[in-house]
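In: With the input below, show me the fold.
(one chain, ligands or ions: 1)
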Amino acid sequence: MQEPELFARRARSFGSNAVAYARHRPGYAEDAVEWVIGDRARVLDLAAGTGKLTETLLAFGLEVSAVEPDDGMRAELSRLLPDVAALAGTAEQIPFPDASFDAVVTGQAFHWFNNPGALAEIVRVLRPGGVFGALWNYDDQSVEWVAEMVRLSRTSANSEQDRQVVDNLDHAHKPRHEALTEPEEHRFPHAQRRTVESMLSTLGTQSSMLVIDGAERAKLVDQLRTYLWSRPETSQGEFDRPLVCVAVRAYKRGA
Ligand SMILES: C[S@@+](CC[C@H](N)C(=O)[O-])C[C@H]1O[C@@H](n2cnc3c(N)ncnc32)[C@H](O)[C@@H]1O
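Out: Sure thing, here's the model as predicted:
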């Protein structure tokens, strides 16, 4: 399969497992969200999925709108957060007028956008002085058992670029656009409470797992289960999965 086709399949894969996604993906570190948003009130959660980041934004008392292209993901968001206006749309075609928001944020999704088109749209819906923030949760591979789990969870759908990004947390996905200030990055440690089985469910929501065939997935999950049961850190019941929330922010010029 050609790389661009695989990329597109992965970008569209999440809705096939939307209920598990909502149940098993981690939320975002509150201090990371605060660092990005500051005191901005009207916020768009772009590529909102099932509302993981939306939920944290709401906890800050912000006025939040959501845009998400996948019907399955959006339906789950609306079921869990019925008061949020969740619109169908993409980062390349955001269904809002110019200067609608003080902040546009996106969780675990900026790398799926087609740029520079998406950044032009993000800039369009931001008011001058508004902020664009991109957040990602990465496994903290400075912890040995975690690094091995990440290595074992690689599938035939992972690209070399994925490996570089995930292994070095040194991602190439910085939002660079002439109308935005130079992006700033900050990292926030946090954790997700897991058991062996819920950890496997979390890994099963990754696009690289969703797009492979059932036989490859079953083999990988078996290997991962055996591994997690073999480690003292993960085989005693509940454990903390150490995460690093990487946050990047850039401001629209001209305030
Ligand atoms: C890994 S999920 C992240 C969902 C949510 N933001 C979160 O933090 O859990 C990636 C999301 O990006 C969406 N997506 C993929 N390509 C997109 C695009 N071009 N524009 C907007 N959303 C897109 C997918 O449908 C999916 O819901």
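In: Now residue 82: phi and psi?
Out: Torsion angles at residue 82 (phi, psi; degrees, to the nearest 10) stand at phi -60, psi -20.
In: Pull up the residues of the chain that are close to the ligand.
Out: 11, 14, 25, 47-49, 52-53, 68-70, 73, 90-92, 107-109, 112-113 (Cβ under 6 Å from any ligand atom). In this view, the C-beta of every residue, glycine as well, is placed from N, C-alpha and C.
In: Is there a quick PyMOL command that grabs whichever of these are buried?
Out: The following PyMOL line selects those of the residues of the chain next to the ligand that are buried, judged by 16 or more other Cβ atoms under 10 Å:
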select buried, resi 11+14+25+47+48+49+52+53+68+69+70+73+90+91+107+108+109+112+113
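In: Can you identify the element that follows the strand or helix carrying residue 4 toward the C-terminus?
Out: Element membership for residue 4 (DSSP states H and E) is helix 3-11. Remark: after helix 3-11, the chain's next helix or strand is helix 18-24, criterion DSSP H and E.
In: how deep is the residue of the stretch 151-255 of the chain found nearest the ligand tucked in, by neighbour count?
Out: Residue of the stretch 151-255 of the chain nearest the ligand, by Cβ to the nearest ligand atom: residue 207 (7.0 Å). A count of neighbours around residue 207, defined by other Cβ atoms under 10 Å, yields 22.
In: Need the phi and psi values for it.
Out: phi -60, psi -30.
In: So which elements touch the helix holding residue 4?
Out: helix 207-210 (3 or more Cβ pairs under 8 Å, 6 or more residues apart in numbering; DSSP states H and E).
In: which parts of the helix it packs on are buried?
Out: In helix 207-210, counting by 16+ other Cβ under 10 Å, buried: 207, 208, 209, 210.
In: Please tabulate those in a markdown table and include pLDDT as additional columns.
Out: Below are the buried residues of helix 207-210 laid out as a markdown table (pLDDT from 0 to 100):
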| residue | pLDDT |
| --- | --- |
| 207 | 94 |
| 208 | 93 |
| 209 | 95 |
| 210 | 96 |
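In: would you turn those into CSV with distance to residue 124?
Out: Listed next are these as CSV, based on distance: Cβ to Cβ, whole Å:
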residue, distance to residue 124
207, 27
208, 32
209, 35
210, 31
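In: returning to that earlier point: do you know how far the residue lying closest to the residue of the stretch 151-255 of the chain closest to the ligand once chain neighbours are set aside is from residue 57?
Out: Spatial nearest neighbour of residue 207, excluding adjacent residues (Cβ to Cβ, 6 or more residues apart in numbering): residue 10 at 3.8 Å. According to Cβ to Cβ, to the nearest Å, residue 10 stands 25 Å off from residue 57.
In: ok, the two, which is more surrounded?
Out: Shown here are residue 10 and residue 57; by other Cβ under 10 Å, residue 57 has more neighbours (26 against 20).
In: The more buried one contacts residue 40, doesn't it?
Out: No. Taking contacts as Cβ atoms under 8 Å, residue 57 lies outside contact range of residue 40: 10.3 Å.
In: Tell me who's in contact with the residue in the stretch 51-200 of the chain that the ligand sits nearest to.
Out: Using Cβ to the nearest ligand atom, residue 107 is the residue of the stretch 51-200 of the chain that sits closest to the ligand, at 2.9 Å. Residues near residue 107 by Cβ atoms under 8 Å, 6 or more residues apart in numbering: 28, 45, 47, 48, 49, 52, 53, 135, 136, 137.
In: quick revisit: out of the buried residues of helix 207-210, which is nearest to residue 100?
Out: residue 207 (29.1 Å; Cβ to Cβ).
In: hang on, the closest one packs against residue 11?
Out: Yes. At 7.3 Å, residue 207 and residue 11 qualify as touching, with contact defined as Cβ under 8 Å.
In: mind pulling up the phi and psi values for the closest residue to residue 252 other than its chain neighbours?
Out: For residue 252, ignoring the flanking residues on the chain, the nearest one in space by Cβ to Cβ, 6+ apart is residue 126 at 4.5 Å. Backbone geometry at residue 126, expressed as degrees, to the nearest 10, gives phi -90, psi 140.
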